[in-house]
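Trainee: got a predicted model here, sequence first, then my questions.
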Amino acid sequence: MSTKPQGDALPSQAGEARQQALARLSRAAYSLSAADARLRGRATRQAGALSLSHARVLRILAEEGALPVARLAELTETTGAGVTQLVNGLSEQGYVEKAKSLADKRSVLVGLTELGLARHRERERLLAEVLERELQGMDDQALDAASEVLRALGGVYNQL
């Protein structure tokens, strides 16, 4: 007969279950990253396709109005060089326009065109439709938990 207390097995099992759950989350994060890479690839190959980064720029401009590149970089959580590249691509598609700031001649303002606003609205409509369809089995509490996990994964990515 064993003299080891039965309660000792529970923390070990709980620790193992936690490690397995974190491993599943890690694989899901890699899967999400791969899906994002495929989306970015489509955005470079298909006319009118938008990466999440491009869509984020359009959303911020739709919400905030015309912005200096530096402020747009801050709001998109992107570097100045990165947002300049995004803006150049969106400008080539006719979705945004750049203009010199009247207040600061060194600053460039970026604003949505009518085509860009229409593309943003279409993207938001499609996103809402796909989210509703793909996540219809999840209640509000599960969606809130998923949002919290995604935000935490953003912090994880920032540390890697």
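Mentor: On my side now, so go ahead.
Trainee: now the helices for this protein?
Mentor: For the chain, the helices defined by DSSP state H cover 9-45, 52-64, 69-76, 80-92, 114-134, 140-159.
Trainee: contacts only, for T84.
Mentor: Shown here is T84, whose contacts under the criterion C-beta atoms under 8 Å, 6 or more residues apart in numbering are V69. The C-beta positions use only the backbone N, C-alpha and C, and glycine is treated the same way.
Trainee: could you measure it against R45, distance?
Mentor: In this view, T84 and R45 are 22 Å apart by C-beta to C-beta, to the nearest Å.
Trainee: one more: R121?
Mentor: Here the criterion is C-beta to C-beta. By it, R121 lies 24 Å from R45.
Trainee: more neighbours: which of those two?
Mentor: For R121 against R45, the residue with the higher neighbour count under other C-beta atoms under 10 Å is R121, and the figures read 12 against 8.
Trainee: not counting its neighbours along the chain, what's nearest that one?
Mentor: Distances taken as C-beta to C-beta, 6 or more residues apart in numbering place A62 nearest to R121, at 7.8 Å, with adjacent residues excluded.
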